[in-house]
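Colleague: here is a sequence together with a model predicted from it:
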Number of protein chains: 2
Amino acid sequence: MSNPASPESANLPARFSHARHVQAKAVMEDYVEMISDLLAEMGEARIADIAQRMGVTHPTATKAVARLKTAGLAVSRPYRGVFLTEEGAALAEKVRARHRTLVDLLIAVGVPAEVAELDAEGMEHHVSDAALAAFRTYLAK
Amino acid sequence: MSNPASPESANLPARFSHARHVQAKAVMEDYVEMISDLLAEMGEARIADIAQRMGVTHPTATKAVARLKTAGLAVSRPYRGVFLTEEGAALAEKVRARHRTLVDLLIAVGVPAEVAELDAEGMEHHVSDAALAAFRTYLAK
DNA sequence: TGCAAAATTTAGCCGCGGCTATATTGTCTG
DNA sequence: CAGACAATATAGCCGCGGCTAAATTTTGCA
């Protein structure tokens, strides 16, 4: 039994640890979604376009893609465009849907659209499936 | 004029850049709030307690405090407890209030309390003043 | 077709924020 | 009051995710 007498500080370490774990995946999620967007728009995701849209230099994008490949989310041949694995594509879709739902929720509670987009970019990675479900239920009303 | 014909991808770099900038401050905010909590509870913030509550090893806490000192948020003498500067204390208060408001909002839209606490830990750093104001207005209804 | 320009990669730097292992300092007790 | 133990600090490692500068490959055009 979790002791209710112990202050709520007891599970704080776990909360912070969880937040760190989620955050570690955040950048990867952003790159995957961006690659997915570029594939849909232009049929190809080039390093230069990824870098430009992420607001990052080319070498940074190259390194990020290398990490994606190591993680099994993307594939590419040298000097060629980047593509997503099935797993990468699935992640992109999940991330995209979560982003939209969060923005919709923020707007629904009165946050200006511009602000909602800006804040959602960082918040979205920490929205759990349980929270997402609650958001959808709320928005359905 | 910002071209409305250009797709919304135009300001994406700025959005990501903003999210990265916010994220860079996140860990610091967490440590400052924790130190503030410890000062309130025990009159002193010791490295061992900071580390324990953050779910981190002692040396990691020491290094974090060093960064806080460099940033002008904390002060400490070697082998002694850590204290906050006025700026650090003000930041702690702001962070604490923002956290509470976010948790309240999540609960208000139907997120279970446990989940709200967990998700808020990571989301909170990205909640802008504008969004916070909207949250308060919503909760006041 | 061959060369110049553009795109990509590689190399190497930085600070952050984790870690383990070790050294140092403070404290408490026998 | 001395020595053991607890707390803190230091050293050094790692991967991430930025960067600049330089090498390499691809591409497009004269």
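Modeller: Arrived safely. Remember, it's a predicted structure, so these values are computed and weren't measured experimentally.
Colleague: burial of the closest residue to A:Arg46 other than its chain neighbours, as a residue count?
Modeller: Of all residues not flanking A:Arg46 in the chain, A:Gly81 sits nearest, at 5.4 Å (C-beta to C-beta, 6 or more residues apart in numbering or on different chains). Where C-beta positions appear, they are placed from N, C-alpha and C, glycine not excepted. Number of residues near A:Gly81 (other C-beta atoms under 10 Å in any protein chain shown) recorded here: 17.
Colleague: would you confirm that A:Gly81 contacts A:Ala45?
Modeller: Yes - taking contacts as C-beta atoms under 8 Å, A:Gly81 lies within contact range of A:Ala45: 5.6 Å.
Colleague: gap between A:Ala108 and A:Phe83?
Modeller: Distance of A:Ala108 to A:Phe83, computed by C-beta to C-beta, to the nearest Å: 36 Å.
Colleague: brain fart, A:Ala10
Modeller: Taking C-beta to C-beta, one finds A:Ala10 at 46 Å from A:Phe83.
Colleague: more crowded one of the two?
Modeller: Neighbours around A:Ala10 and A:Phe83, counted as other C-beta under 10 Å, are more numerous at A:Phe83. The numbers are 16 against 13.
Colleague: the more buried one reaches A:Leu73, doesn't it?
Modeller: No - in this structure, A:Phe83 is not within contact of A:Leu73 by C-beta under 8 Å, at 10.3 Å.
Colleague: up against DNA strand D, what does chain A have?
Modeller: Counting by C-beta under 7 Å from any atom of the strand, chain A comes close to DNA strand D at A:24, A:26-28, A:54-60, A:63-64, A:67, A:78-79.
Colleague: out of those, which is most surrounded?
Modeller: Neighbour max across the residues of chain A next to DNA strand D (other C-beta under 10 Å) = A:Ala64, 24 neighbours.
Colleague: skipping adjacent residues, who's closest to that residue in space?
Modeller: A:Tyr31 (5.0 Å).
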